[in-house]
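1. Provided below for reference: sequence and predicted model.
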Amino acid sequence: MSTFIHENAVVASGAEIGNGCHIGPFCTIGDNVKLGDGVRLDSHVVVDGNTTIGDETHVFPFVSIGLGPQDLKYAGEPTSTVIGKRNQIREFVTIHRGTAGGGGVTRVGDGNLLMAQAHVAHDCQLGSDIIMANAATLAGHVEIADKASVGAYSGVHQFCRVGYEAFIGGYSVVVKDAMPFAIIQGNHAKCYGMNKLGMKRRGYSKETIEKLSHAFHLLLSAKLNTTQAVEK
């Protein structure tokens, strides 16, 4: 497949562009950018810094990837942004590169959907098959495990971790770690138990759901402190 670069796009000479890419009008691609095969940048997309975007990722208009972080401690040190394969990055999403103090890399895995206006701050580590709804916002150093969902207009505080298949409801403010498979909602967000319906829809067995439900009971409802609950 041949690569298409619109005559009004600005692609630096040092950029590496894979096979079958589409770079639409008014896109700006920096010197240290690497695009995998079949990457599509619709229009008005800015990709800069030491940034890699994996195969078949689709980036919609007015997205900014790999620019410097909104961190006053950042002093221009060389850091990077790594985006995996088959992601859908919708309009006005911003993804900032890492900082030396946070590991130096902002990373997004494969097959994620980042809806319009979502923000991924410096040094965040996102797994795969994640959904970030409209205007969901991650502060620096946040970790999101595979298959988690972050609802619209929700914010996740710095250094928080969101577990595997956790579901964060819309307009939530998350200031603590979110357990795997949990339903998290509110300001400040609280855990409202296990997402049984979501697990059934994704094909988990009855036995698995019962075992996890018991674990949730021990951690959240039983009259045990955290150490005792984890031991049980």
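-> Sure thing, it's come through.
2. Mind telling me which residue is nearest the centre of this protein?
-> residue 126 (4.4 Å; C-alpha atoms, centre = their mean).
3. can you pull the contacts of that one?
-> Listed by C-beta atoms under 8 Å, 6 or more residues apart in numbering, the contact partners of residue 126 are 107-109, 112, 120, 143-144. (Glycine included, C-beta is placed from N, CA and C.)
4. Which residues does it form beta bridges with?
-> residue 108, residue 144 (DSSP bridges).
5. measure it to residue 150 for me?
-> Counting by C-beta to C-beta, to the nearest Å, the gap from residue 126 to residue 150 is 10 Å.
6. Common neighbours of these two, please.
-> Listed contacts common to residue 126 and residue 150 are residue 144; contacts here mean C-beta under 8 Å, 6+ apart.
7. May I ask you to name the longest helix in the chain?
-> For the chain, the helix reaching the highest residue count under DSSP state H is reported as helix 206-216.
8. For that one, name the packing helices and strands.
-> Applying 3 or more C-beta pairs under 8 Å, 6 or more residues apart in numbering; DSSP states H and E, we find helix 206-216 packed against strand 189-194, helix 196-201.
9. 7 Å instead, please
-> On a contact count with 3 or more C-beta pairs under 7 Å, 6 or more residues apart in numbering; DSSP states H and E, helix 206-216 meets strand 189-194.
10. got the buried residues for the strand it packs on?
-> Judged by neighbour count (16 or more other C-beta atoms under 10 Å), strand 189-194 contains these buried residues: 189, 191, 194.
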